[in-house]
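>>> One predicted model, sequence on top.
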Amino acid sequence: MLPTVREVLALDPVRHGGPRVVAGAGGLDRLVRWVHAAEVPDIAALLSGGELVLTTGIGLPGDDAGLRAFIDELADAGVSGLLVELGRRYSGTVPRSMVAAAERRGLPLVELCRVTPFVPITEAVHALIVDAQLTELRATEEIHQRFTELSVEGAEPAEVVRQAAELAGSPVVLENLSRQVLGYATAGQSAELLLRGWEQHSRRIRQVGRTAYDPEVGWLVTMVGARGQDWGRLLLRWPGDLSAGAPTPPTRLTILIERAASTLALGRLIRRDAEGLERQIHRNLLTALLDHTRPVDEVALRARALGVPLDRRHLVGVVVRFRTDEPGPTPTHQARLRDLAEAVSQALRDAELSGLSSTLDDQAVGALLALRGAGDEDAALAAFATALDRVRDGAGAVAGTRDGMGLGPAGAVIVAAGSGVADLREARRSLLEARQVADAARRGRRDLRVFRLPQVGLAGLLHLLREEPRLQTFVERELGPLLAYDAEHPREQLLGTLRSYLESGRNKSAAATAAHLSRPAFYERLARLARILRVDLDSVDDCLSLHVALLALDAVRDG
């Protein structure tokens, strides 16, 4: 960390001069980037900010207006402070006009009461600066080493965030594009205070470019993503003090947050799993179909070698997941997920169905059924669902299933199927559709044995797309200005006004009644939110777009 003006005044060469602060004492914690000795009045044009200026005053203007202009120019240039040696030009004290101008601009003005050589001061301060730069370099090397190790180890996001907070000594938050918190580390601070009203707080943070610092709220922010697709933001709390001459975080923190973001993006691309060899091969083949990491012909060949023929078959993607998300990866959750994967595998065997099956992520198990024809699809899915119920209820042939394998009561597990396809090259579409339907069905009916795409509706469709960055971008484009306004004016909450209006079929009187507002007050709110969003609330197209965005926002927040 660079030295402050206060620390410079404590150095022996400066103390030898008997320093006396006569103005701008509130700025003594400004950082000193360099020391510059000058005896000319127009020195400000040669400065770039952060310098501590030393002068005897022999070349300064003789009139009060000139001295005030000199101080203003230094302040405008962003210098850290001004040290004036008495005795050559000024005896006893510097001119009052100079003191008043420095106090007005908050610029530390220090008198050196004894004749003081400037060279020892310059050497001492520059030694501190060089030492700070070396410290910064060592810290940067540690950052690179730490995050390289995390990348190689395939560390979970929670660990990456924790390490970032530890290195920074400040809270770090990982959020998605809709400002929902995906992970955080408090660095010893209160989690409740950190996350209270997070979405509104996050929307106040202004970001220009991929990495930026907003001094008004004190957060350093960078985008998280890979292959040109951003999926979140990483934020680091750094409440810098503009008055202390530190308008931006140190370079070390910028490097830290960007390396942490890169590690998170890389970790999202690299998924690891510890399963048996056969199950691992099943997972590798399903992953290859989903991510296009292997040629389709190679996948078919390897699957056939496992006794699962996929070519010249009718293929149906199936996803089985818990109805509610669970915190992972805890040992208990991992055990339940393994139980679910084994139950799906056993159900395939009991129903005499051929296919691949494996865990897909921390919440779901996937299967690709290989049927002889499209006519077998409904019967096969019904047989699979029945067999899975038997396994879960403890009637399966797997040892240890008498307690239902710890998978919870009936209705705790969702079975979803994608559209059947006749070509292995289309299997990815069926699997993705099944996973999306499974996510969308979490709040659906509990009496359906197998969920299909036609049964999820618009709200379900938006729910299954809630993690899609393009949907989140759509929500931000449509509702972002209104959400930002509500964050700045929490008592108004115009989003609720918009919701009442749209859910009342654009009937203003009914909407005012539902919102418990007088019609004039409600109409005034409608006019205000129309100005904020720049839309015509009498336009069917505008209202349809806003209604879809509102449903999408609910889906994202629910997720």
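Perfect, I can see it now.
>>> how about the helices of the stretch 251-400 of the chain, start to end?
251-269, 277-291, 296-305, 331-350, 377-393 (DSSP state H, counting those that start in this stretch).
>>> Nearest to residue 431, out of those?
Ranking the helices of the stretch 251-400 of the chain by proximity to residue 431 (Cβ to Cβ) places helix 277-291 first, at 6.0 Å. Heads up, the C-betas are built off the backbone N, CA and C, glycines and all.
>>> can you pull the buried residues of the closest one?
279, 281-290 (16 or more other Cβ atoms under 10 Å).
>>> Just send the helices of the stretch 251-400 of the chain back as a markdown table, with mean pLDDT too.
Converted to a markdown table, the helices of the stretch 251-400 of the chain look like this (pLDDT from 0 to 100):
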| stretch | mean pLDDT |
| --- | --- |
| helix 251-269 | 86 |
| helix 277-291 | 80 |
| helix 296-305 | 81 |
| helix 331-350 | 84 |
| helix 377-393 | 89 |
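>>> With distance to residue 196 added, can I get those in TSV?
What follows is these, written out as TSV (distance: least, Cβ to Cβ, whole Å):
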stretch	distance to residue 196
helix 251-269	22
helix 277-291	38
helix 296-305	48
helix 331-350	27
helix 377-393	40
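>>> Of the ones you listed, which is nearest residue 532?
By Cβ to Cβ (comparing all of these), the closest turns out to be helix 251-269, at 31.4 Å.
>>> Not counting that closest one itself, show me its contacts.
Residues outside helix 251-269 that contact it (Cβ atoms under 8 Å, 6 or more residues apart in numbering): 136, 139-140, 143-144, 147, 150-151, 154-157, 160-161, 163-164, 167-168, 170, 172, 174, 211, 220-227, 231-232, 234, 236, 238.
>>> Keep only those of the residues you listed that are in helices.
Among the contacts of helix 251-269, DSSP state H puts 136, 139-140, 143-144, 147, 150-151, 157, 160-161, 163-164, 167-168 in helices.
>>> Now for these: which two are most distant?
136 and 157 (27.0 Å).
>>> How is the protein partitioned into domains?
According to automatic domain parsing, the chain comprises the domains 5-125, 154-269, 277-456, 469-558.
>>> averaged over its residues, what pLDDT does the first one have?
Mean per-residue pLDDT for domain 5-125: 90.
>>> can you tell me the distance between the two ends of it?
By Cα to Cα, to the nearest Å, the extent of domain 5-125 from end to end equals 10 Å.
>>> do the same with the second one
Domain 154-269 has an end-to-end distance of 10 Å (criterion: Cα to Cα).
>>> Tell me how many other residues crowd the residue nearest to residue 176 when sequence neighbours are not counted.
Take residue 176 and drop its neighbours on the chain: the residue closest to it by Cβ to Cβ, 6 or more residues apart in numbering is residue 232, 4.9 Å away. Neighbour count of residue 232, defined by other Cβ atoms under 10 Å: 25.
>>> So residue 232 sits against residue 175, correct?
Yes: contact criterion Cβ atoms under 8 Å: residue 232 and residue 175 qualify, at 5.9 Å.
>>> wait, is residue 208 part of a strand?
No: counting by DSSP: H, G, I helix; E, B strand; the rest coil, residue 208 is not part of a strand but coil.
>>> How confident was the prediction at it?
Value for residue 208, per-residue pLDDT: 84.
>>> next one: the one 3 residues further on
According to the predicted model, the pLDDT of residue 211 comes to 91.
>>> try residue 132
pLDDT recorded at residue 132 is 73.
>>> Then residue 329?
With respect to pLDDT, residue 329 has a value of 57.
>>> ok, the residue lying closest to residue 509 once chain neighbours are set aside to residue 118 distance?
With sequence-adjacent residues excluded and distances taken as Cβ to Cβ, 6+ apart, residue 509 is closest to residue 519, at 6.3 Å. Distance of residue 519 to residue 118, given as Cβ to Cβ, to the nearest Å: 75 Å.
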